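1. need coordinates for the following:
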Amino acid sequence: MSQMYPGPEDPDLGVFVAQTERALAARGHEIERAVLDRRAGGKRRYAHLARRAFATARRFRPDVVHAHFLVPSGLIAALTSRAPLVVTAHGRDVRNVGAVPGIAAATRLVVRRAAAVVTVSDYLRRELEAKIPAARGKAHTIDSGVDLERFPELPAPAADGPPRFLHVGTLTPRKNVLRLARAFERLGEGTLTFVGDGPLRPQLEGRPGIVLNGPVPHDEIPRFLAQAHVVCQPSLIEPFGQALLEAMATGRSVVATTIGGPPEFVPPEAGVLVDPADEDALVEALRTTARLPRPNPEARAAAARHDVNEQARRLEAVLEQAARGRPA
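-> Take a look at the predicted model:
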């Protein structure tokens with residue numbers, strides 16, 4: 001069950017959910033979905049998700065329900081099925097606890113009801129346990145992983161040419177794109193391409209060396225990675241860092257934030273971790289990372305340790321234990 005899932009209108013919505021589902025199905029599991037596959041509809045769409053979840057649970061009679069996001073999907077799952085529940089937290093759902101009225105109480109209900117809670121980073125697990133102490137003892141860190149076939153190692157373009165930097169993600173304050181742009185301008189060489197859109201786009205337009213491509217389907221991201229030397233995501237906070245992991249899988253070095261999940265999978269050989277508030281450090285991180293091998297086999301090797309099939313195997317164990325009624 002998920003409030004985010006790829007669909008015809010929003011093919012990039014929750015691609016990490018679909019990726020995990022495919023990996024579990026490949027391991028022989030029978031899966032039925034209750035999902036929302038488009039952003040439109042406002043809060044009314046959650047009522048639609050609840051009706052779909054209730055109908056699917058009655059018809060399919062699952063051995064276990066796996067919900068993505070604590071609230072609302074996890075809450076809906078807890079209320080519409082008596083099957084054992086495993087819920088995965090992805091980031092925003094944890095940050096909403098204490099920030100949005102009513103979310104803390106709803107999250108406590110979900111955590112108490114769940115046989116197990118999965119977080120996509122250890123950083124997120126610690127945050128969840130600090131906010132919802134009932135999660136202690138039932139939380140597991142299993143990240144979304146990366147599909148190594150969809151993101152194969154790619155040759156770098158013009159390995160001896162000026163550096164080509166790439167940012168994949170929304171153009172929002174949390175993604176720290178304005179500071180990244182200023183650091184790039186201070187570096188004074190190469191190009192910086194932004195793939196994505198958001199409210200800060202007007203403040204990035206017209207800057208020398210900066211290319212604003214706009215959003216693209218997830219399946220087209222490898223094409224942009226093939227044209228890049230370094231992928232940058234110095235977010236103010238990044239609960240996991242899916243775009244970084246996918247970039248590393250293609251052999252791209254990365255500039256990543258120290259706050260959140262990236263320190264758990266970005267070794268020094270694969271890139272530079274940087275304080276996202278330190279512009280001077282970000283300039284130096286861009287300079288240092290541009291000197292790493294192009295492509296970078298150490299980045300690929302680090303990403304391979306997070307192969308989605310291995311992550312699915314670990315998640316499978318949690319789901320099976322929950323279905324058997326044992327502590328997961």
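
2. give me phi/psi at the residue nearest the centre of the chain?
-> In the chain, the centroid-proximal residue (C-alpha atoms, centre = their mean) is residue 242; its distance is 4.0 Å. With angles defined as degrees, to the nearest 10, residue 242 sits at phi -60, psi -40.

3. ok, now which ones touch it?
-> 16, 144, 146 (C-beta atoms under 8 Å, 6 or more residues apart in numbering). Using the backbone N, CA and C atoms, a C-beta is placed for each residue, glycine as well.

4. swap in 10 Å and give it another go.
-> 15-16, 19, 90, 120, 143-146, 168-169, 218, 233, 261 (C-beta atoms under 10 Å, 6 or more residues apart in numbering).

5. of those, select the buried ones using a ChimeraX command.
-> A single ChimeraX command selects the buried members of the contacts of residue 242 (16 or more other C-beta atoms under 10 Å):
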select :15,16,19,90,120,143,144,145,146,168,169,218,233,261
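
6. inside strands: which ones of the contacts of residue 242?
-> 168, 233 (DSSP state E).

7. columns pLDDT and distance to residue 53 on top of the contacts of residue 242, output as a markdown table?
-> What follows is the contacts of residue 242, written out as a markdown table (pLDDT from 0 to 100; distance: C-beta to C-beta, whole Å):
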| residue | pLDDT | distance to residue 53 |
| --- | --- | --- |
| 15 | 95 | 21 |
| 16 | 96 | 20 |
| 19 | 96 | 21 |
| 90 | 98 | 18 |
| 120 | 98 | 22 |
| 143 | 98 | 25 |
| 144 | 96 | 22 |
| 145 | 98 | 25 |
| 146 | 98 | 29 |
| 168 | 98 | 32 |
| 169 | 96 | 30 |
| 218 | 93 | 25 |
| 233 | 98 | 33 |
| 261 | 98 | 28 |
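
8. of the contacts of residue 242, closest to residue 300?
-> Distance to residue 300, by C-beta to C-beta, is smallest for residue 146 among these, at 10.3 Å.

9. I figured that closest one hits residue 225, correct?
-> No. Residue 146 is beyond contact range of residue 225, at 11.9 Å (criterion: C-beta atoms under 10 Å).

10. where do the contact lists of these two overlap?
-> Contacts common to residue 146 and residue 225, judged by C-beta under 10 Å, 6+ apart, are 246, 247, 248, 249, 250.

11. could you list which of those belong to helices?
-> Among the shared contacts of residue 146 and residue 225, the members falling in helices are 246, 247, 248, 249 (criterion: DSSP state H).

12. neighbours around the second one, how many?
-> It stands for residue 247. 32 (other C-beta atoms under 10 Å).

13. once you drop chain neighbours, what's closest to it?
-> residue 231 (3.7 Å; C-beta to C-beta, 6 or more residues apart in numbering).

14. the helix or strand hosting the one you found: how far from the chain's middle?
-> Element membership for residue 231, per DSSP states H and E: strand 230-233. Its chain's C-alpha centre and that of strand 230-233 lie 15 Å apart, by C-alpha atoms, centre = their mean, to the nearest Å.

15. and that strand, what other elements does it pack with?
-> strand 164-168, helix 177-187, strand 191-195, helix 242-249, strand 253-257, strand 271-274, helix 279-290 (3 or more C-beta pairs under 10 Å, 6 or more residues apart in numbering; DSSP states H and E).

16. and the next helix or strand along the chain from the longest one with strand 253-257, angle?
-> Spelled out, that is helix 279-290. Proceeding N to C from helix 279-290, the next assigned helix or strand is helix 297-304, under DSSP H and E. Computed by axes from the mean of the first three to the mean of the last three C-alpha atoms, to 10 degrees, the angle separating helix 297-304 from strand 253-257 equals 60 degrees.

17. need the contact partners of helix 297-304.
-> 145-146, 148, 151-154, 231, 244-254, 265-271, 292-293, 296, 310.

18. and those residues, which are buried?
-> 145-146, 148, 151, 153-154, 231, 244-254, 265-266, 270-271, 292, 296.

19. surely residue 66 forms part of a helix?
-> No. Counting by DSSP: H, G, I helix; E, B strand; the rest coil, residue 66 falls outside a helix, being strand.

20. quick check: beta-bridge partners of it?
-> residue 86 (DSSP bridges).

21. you'd agree it is up against residue 20?
-> Yes. At 8.6 Å, residue 66 counts as touching residue 20 under the criterion of C-beta under 10 Å.

22. mind listing the shared neighbours of those two?
-> 2, 88, 315.

23. show me what the host helix or strand of the last one is packed up against.
-> Assigned by DSSP H and E, residue 315 belongs to helix 308-323. Taking 3+ C-beta pairs under 10 Å, 6+ apart as contact, the helices and strands that helix 308-323 lies on are helix 15-26, strand 65-68, strand 85-89, strand 116-119, strand 139-141.

24. now do the buried residues in that helix.
-> 308, 311, 312, 315, 316, 318, 319, 321, 322, 323.

25. against residue 115, how distant is the first one?
-> I take that to be residue 308. Separation of residue 308 from residue 115 (C-beta to C-beta, to the nearest Å): 23 Å.
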